[in-house]
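**Student:** kindly return the folded structure for what I paste below:
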Amino acid sequence: MLMIIFMHKDFIIIFLNYGSCAYTSEDVRRIVAAGKKVAMIGIENAYPVGPDLSNIEKFYDLGGRYMSLAHNGHNQFSDSNTGESDDIYWHGGLSEMGRFAIREMNRLGIMIDISHPSRDSIMQTLALSQAPVIASHSAARALADHSRNLDDDMLLALKENGGVVQTVAFGSYVNEARRVYLAGDGDREDAPPATVADFVDHIDYLVDLIGIDHVGISSDFDGGGGLVGWNDASESFNVTLELVRRGYTAARCRFRANTNFGFVLITRCLRGDGNGTTNRVSAIQCALGTTQHFHLLDIEQLLIELTGVGEQYPVNDHRGGQF
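**Tutor:** Numbers count the residues shown, from 1 in each chain. Below is the predicted model of the structure:
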């Protein structure tokens with residue numbers, strides 16, 4: 001755990017020429033006011049917490065400001081969306097430990113990320129959380145029937161919670177023809193392309209359903225994201241251009257790309273630390289002009305070797321999904 005966090009902090013040192021790492025809402029405001037990019041540390045899988053919930057606060061103290069209870073496999077806290085592939089689940093959503101984890105994350109001010117858990121887990125999380133949650137990199141399931149996307153009921157519950165979904169630039173999450181082709185073991189090079197227009201179709205759908213206050217943008221370039229027309233940060237202008245073509249004003253584009261995550265949600269998620277203060281805050285990292293989702297490295301095997309956690313909670317990682 002320490003090694004991975006330090007690797008993130010090494011990245012921040014390299015990043016300092018362009019931005020700074022933020023740990024509170026005041027940090028975000030200060031960095032943005034200085035004209036720099038904002039980066040924050042996230043944990044994409046709660047599995048490394050192990051059986052000891054006090055480790056959540058250790059992650060917080062090391063700089064973590066958002067966390068997903070599950071990733072591409074079920075764990076001690078939550079079922080994963082990957083259970084849809086074989087209809088095998090461990091908990092029927094959240095485990096009892098997962099419910100306690102939500103309470104602890106709310107207390108500390110660690111934002112709960114619902115992009116990877118199962119549908120039941122997400123709905124239970126939305127019912128339990130006392131703070132707004134995020135879907136850091138998901139799209140609309142009504143347009144692309146991928147288990148990583150959110151259906152209308154989930155999106156409406158997210159709106160009720162006050163949270164935000166970051167529309168993700170992931171080919172098979174935004175283009176249904178591509179998803180179907182790859183799910184049938186088709187060759188990736190021959191798959192129907194996913195484009196910026198497909199991506200903005202999802203933004204339009206989400207804005208129409210839950211309102212612009214609850215919609216953001218995510219690239220997920222480091223995790224397989226990328227589209228025809230937006231395959232790296234240098235092409236981000238193409239997203240803005242497509243939004244403007246569809247009638248979004250400059251102010252609305254800025255609001256979606258930066259404010260929803262960078263300010264509105266941060267302000268909503270301020271929580272006291274038990275001493276009457278409200279300096280702890282949950283947030284997603286924002287960099288390169290739009291929200292970029294950064295992954296922690298997979299460290300399940302490392303934890304098994306060092307702690308024996310895997311003996312009690314075996315890894316059931318449904319990897320190999322089509323992108």
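**Student:** buried ones in stretch 82-102?
**Tutor:** Within stretch 82-102, the residues scored as buried using 16 or more other C-beta atoms under 10 Å are 82-84, 89-91, 93-95, 97-99, 101-102. No exception for glycine: its C-beta is placed from N, CA and C like everyone else's.
**Student:** straight-line length of it, end to end?
**Tutor:** 21 Å (C-alpha to C-alpha, to the nearest Å).
**Student:** mean confidence for it?
**Tutor:** Across stretch 82-102, the average pLDDT comes to 97.
**Student:** ok, residues contacting that stretch?
**Tutor:** 46, 49, 51, 53, 56, 69, 72-74, 76-79, 112, 118, 120-121, 123-125, 128-129, 147, 316-318, 321 (C-beta atoms under 8 Å, 6 or more residues apart in numbering).
**Student:** now those: which count as buried?
**Tutor:** Looking at these with 16+ other C-beta under 10 Å, the buried ones turn out to be 46, 49, 53, 56, 69, 72-74, 76-79, 112, 118, 120-121, 123-125, 129, 147, 316-318, 321.
**Student:** which ones among the residues you listed are found in helices?
**Tutor:** Ile56, Asp120, Ser121, Met123, Gln124, Thr125 (DSSP state H).
**Student:** ok, the first one touching Arg107?
**Tutor:** Just to be clear, that refers to Ile56. No. Using C-beta atoms under 8 Å, Ile56 is not in contact with Arg107; the gap is 9.2 Å.
**Student:** tell me, how many neighbours does Ser20 end up with?
**Tutor:** The local packing of Ser20 (other C-beta atoms under 10 Å) involves 17 other residues.
**Student:** output the one helix or strand Val239 maps to as PDB, restricted to C-alpha atoms.
**Tutor:** Following DSSP states H and E, the helix or strand that holds Val239 is helix 237-245. Listed next in PDB are the C-alpha coordinates belonging to helix 237-245 (Å, rounded to 0.1, in the frame of the first residue of the first chain):
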ATOM      1  CA  PHE A 237     -10.400  20.300 -28.400                       C
ATOM      2  CA  ASN A 238     -12.400  17.900 -30.600                       C
ATOM      3  CA  VAL A 239     -14.700  17.100 -27.600                       C
ATOM      4  CA  THR A 240     -15.300  20.800 -27.000                       C
ATOM      5  CA  LEU A 241     -15.900  21.300 -30.700                       C
ATOM      6  CA  GLU A 242     -18.600  18.600 -30.800                       C
ATOM      7  CA  LEU A 243     -20.300  20.100 -27.700                       C
ATOM      8  CA  VAL A 244     -20.400  23.500 -29.300                       C
ATOM      9  CA  ARG A 245     -21.800  22.100 -32.500                       C
END
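**Student:** buried residues, it. List them.
**Tutor:** Those buried within helix 237-245 under the rule 16+ other C-beta under 10 Å are Asn238, Val239, Thr240, Glu242, Leu243.
**Student:** got JSON lines for these, with pLDDT and distance to Asp208 too?
**Tutor:** Listed next are the buried residues of helix 237-245 as JSON lines, based on pLDDT from 0 to 100; distance: C-beta to C-beta, whole Å:
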{"residue": "Asn238", "pLDDT": "92", "distance to Asp208": "22"}
{"residue": "Val239", "pLDDT": "89", "distance to Asp208": "18"}
{"residue": "Thr240", "pLDDT": "86", "distance to Asp208": "20"}
{"residue": "Glu242", "pLDDT": "91", "distance to Asp208": "16"}
{"residue": "Leu243", "pLDDT": "88", "distance to Asp208": "14"}
